[in-house]
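Chemist: need the 3D shape of this:
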Amino acid sequence: MAFTHVLVPTDFSEVAQHALHYALEEATLHHAKVTLLHVLPVHTGTDVYFITGFPGTQSHFDPVLGGRLSIPTPPRPTMVLYDHNEEALTQLRDLMPGSFHGVWEVEVAFGPLADTIVRVAHKCDADLIVMGTHKRTGLQHVLLGGAADKVIRLAPCPVLMVRYDAHEVF
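Modeler: All right, here's what the predicted structure looks like:
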């Protein structure tokens, strides 16, 4: 089966990075387009921070005393915006190695993890999803493997689950 579009959801973890390695191998083999996807919670917005420093001084002339006065002025706050969407796009772009010469794009989507991955797979006509997973068994798998299992059940295309063991080395 030849693949034309590989979707790679990532949470920027080592597990996801390991899966990306396999996804790029498949994409290179099939000359397929790669879409790196990061999913943010629905209500993720831009964080706004106001940073203030020490009070400054401003010199004025005192006509009565005939000299300069220093009057403390309140500090001007600096506003810093932290856009989670832009940060995720930058991180996604940084994941793609320079050695990959195929067509690729990045996307950030909002919503419940598994549903959003499936929705994006439909939207971009992905014919392979490559995801990382821990080597979990038993109760750990039941409690922590929900999103991956749901993607496998609902995906419009094959899903390659890449197991990750921290002791594995490329």
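Chemist: the spatially closest residue to Gly111 that is not a sequence neighbour: what's it in contact with?
Modeler: Using C-beta to C-beta, 6 or more residues apart in numbering and skipping residues adjacent in sequence, the residue nearest Gly111 is Val42, 5.7 Å away. Every C-beta, even on glycine, is put in place using the N, C-alpha and C of the backbone. Counting by C-beta atoms under 8 Å, 6 or more residues apart in numbering, Val42 touches Phe110, Gly111, Pro112.
Chemist: can you put these in CSV and add pLDDT, distance to Val48 and secondary structure?
Modeler: Putting the contacts of Val42 into CSV (pLDDT from 0 to 100; distance: C-beta to C-beta, whole Å; DSSP: H, G, I helix; E, B strand; the rest coil) gives the following:
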residue, pLDDT, distance to Val48, secondary structure
Phe110, 94, 19, strand
Gly111, 94, 23, coil
Pro112, 94, 26, coil
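Chemist: could you pull out the strands in this protein for me?
Modeler: Applying DSSP state E to the chain gives strands spanning 5-9, 33-40, 46-51, 56-62, 67-73, 78-83, 104-110, 128-134, 159-164.
Chemist: now the contacts of Val42 as a markdown table including distance to Asn85 and neighbour count?
Modeler: Shown next, in a markdown table, are the contacts of Val42 (distance: C-beta to C-beta, whole Å; neighbours: other C-beta atoms under 10 Å):
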| residue | distance to Asn85 | neighbour count |
| --- | --- | --- |
| Phe110 | 8 | 13 |
| Gly111 | 13 | 14 |
| Pro112 | 17 | 14 |
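Chemist: mind checking how far the residue nearest to Val162 when sequence neighbours are not counted is from Lys123?
Modeler: Of all residues beyond its chain neighbours, the one nearest Val162 is Ala19 (4.1 Å), with distances taken as C-beta to C-beta, 6+ apart. Ala19 sits at a distance of 21 Å from Lys123 (criterion: C-beta to C-beta, to the nearest Å).
Chemist: these two - which one has more neighbours?
Modeler: Set Ala19 next to Lys123 and count neighbours by other C-beta atoms under 10 Å: Ala19 wins out with 24 against 12.
Chemist: report the contact partners of that one.
Modeler: Ala19 is in contact with Val8, Thr10, Val130, Met131, Gly132, Leu160, Val162, Tyr164, counting by C-beta under 8 Å, 6+ apart.
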